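Asks: Predicted model, plus sequence, below.
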Amino acid sequence: MRLKPIHKRILLALILALGITVAIFYRDDLDVRQLNEWVDSAGWAGPLLFMSLYALATVLFLPGSLLTLAGGALFGPVWGTLYNLGGATIGAALAFILARYLAGDWVERKASGRLGQLRKGVEKEGWRFVAFVRLVPLFPFNLLNYALGLTRISFYQYVLASWVFMLPGALAYTWLGYAGREAAAGSRESIQQGLIALALLACVIYLSRWLSRRRNKNGLE
């Protein structure tokens with residue numbers, strides 16, 4: 001028996017909702033040490049496993065900050081940033097596609113009120129809006145991925161802008177995770193690495209506030 005498209009969407013939505021519920025319920029059981037063991041045991045496929053887990057966590061509304069710190073501790077500041085950014089971008093893309101597939105038609109019919117205003121604003125600014133909300137955390141990251149899927153913004157613009165403008169935050173938090181690993185290992189360079197991480201975080205915070213003030217000044221809020 002072949003399912004109708006509407007039934008497929010309902011089934012997928014139920015599976016997604018169940019997955020999110022289970023993930024949130026067990027999120028306190030996330031063990032960084034166990035994650036480290038999984039990645040190490042995977043050998044050359046460790047980075048692929050890590051990015052897959054990061055993407056899945058993004059889709060299921062699990063906090064990405066812990067995984068970002070873990071990526072820095074596991075892979076170092078450079079490769080850790082690339083793997084963290086890769087996993088986050090893949091997860092954001094999947095959430096975007098799921099939202100557009102599951103609710104795209106409904107939004108077309110119900111695009112009015114505040115939802116309509118948000119949609120028009122996003123479509124007017126295009127990738128610039130994505131760039132802004134990636135640099136200025138006005139909305140929860142996981143929720144934003146789904147919300148942007150309900151707009152008409154190009155998928156490719158969304159993915160590219162997300163990858164580029166999530167980079168500063170990914171670099172800062174990855175370096176913080178690396179500095180934490182160095183400190184735990186008693187490395188002589190732990191203080192230096194910690195200062196670099198704090199400097200990067202300060203730059204990200206300053207950039208976020210500067211962009212927010214500039215946006216308010218230009219009347220775009």
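Replies: Great, that's in hand. Predicted model, so just to flag it, every value in this text is computed and none were measured. Numbers count the residues shown, from 1 in each chain.
Asks: okay, CA-based contacts and neighbour counts for the rest of this
Replies: Noted.
Asks: contacting residues for the most centrally placed residue in the chain?
Replies: Nearest to the mean C-alpha position of the chain, by Cα atoms, centre = their mean, lies A88 at 4.3 Å. A88 makes contact with M51, Y54, A55, T58, G64 under the criterion Cα atoms under 8 Å, 6 or more residues apart in numbering.
Asks: Next, count neighbours for the last one.
Replies: G64 is flanked by 18 other residues according to other Cα atoms under 10 Å.
Asks: any idea how far it lies from Y206?
Replies: Here G64 is placed at a distance of 21 Å from Y206 (Cα to Cα, to the nearest Å).
Asks: Same question for the third one.
Replies: Using Cα to Cα, A55 is found at 28 Å from Y206.
Asks: Neighbour count: those two, which is higher?
Replies: Set A55 next to Y206 and count neighbours by other Cα under 10 Å: A55 wins out with 25 against 12.
Asks: Can you tell me the element the more buried one falls in?
Replies: helix 46-59 (DSSP states H and E).
Asks: what sits up against that helix?
Replies: Residues contacting helix 46-59 (Cα under 8 Å, 6+ apart): 20, 38-40, 42, 63-64, 67, 71, 83-84, 86-92, 94-95, 142.
Asks: Could you pull up the mean pLDDT of it?
Replies: Mean per-residue pLDDT for helix 46-59: 92.
Asks: mind listing what's buried in that helix?
Replies: 46-47, 49-59 (16 or more other Cα atoms under 10 Å).
Asks: Give the other helices and strands that the next helix-or-strand element following it contacts.
Replies: Note on helix 46-59: by DSSP H and E, the next helix or strand toward the C-terminus is helix 64-75. Packing partners of helix 64-75 (3 or more Cα pairs under 8 Å, 6 or more residues apart in numbering; DSSP states H and E): helix 46-59, helix 77-110, helix 167-184.
Asks: I'd like the mean pLDDT over the last one, please.
Replies: For helix 167-184, mean pLDDT is 92.
Asks: Which SSE is immediately downstream of that helix?
Replies: Once helix 167-184 ends, the next helix or strand along the chain (criterion: DSSP H and E) is helix 190-217.
Asks: tell me the angle of that following helix relative to helix 167-184?
Replies: 160 degrees (axes from the mean of the first three to the mean of the last three Cα atoms, to 10 degrees).
Asks: Contacts made by stretch 200-211 with the rest, please.
Replies: F132, L135, V136, P137, P168, G169, L171, A172, Y173.
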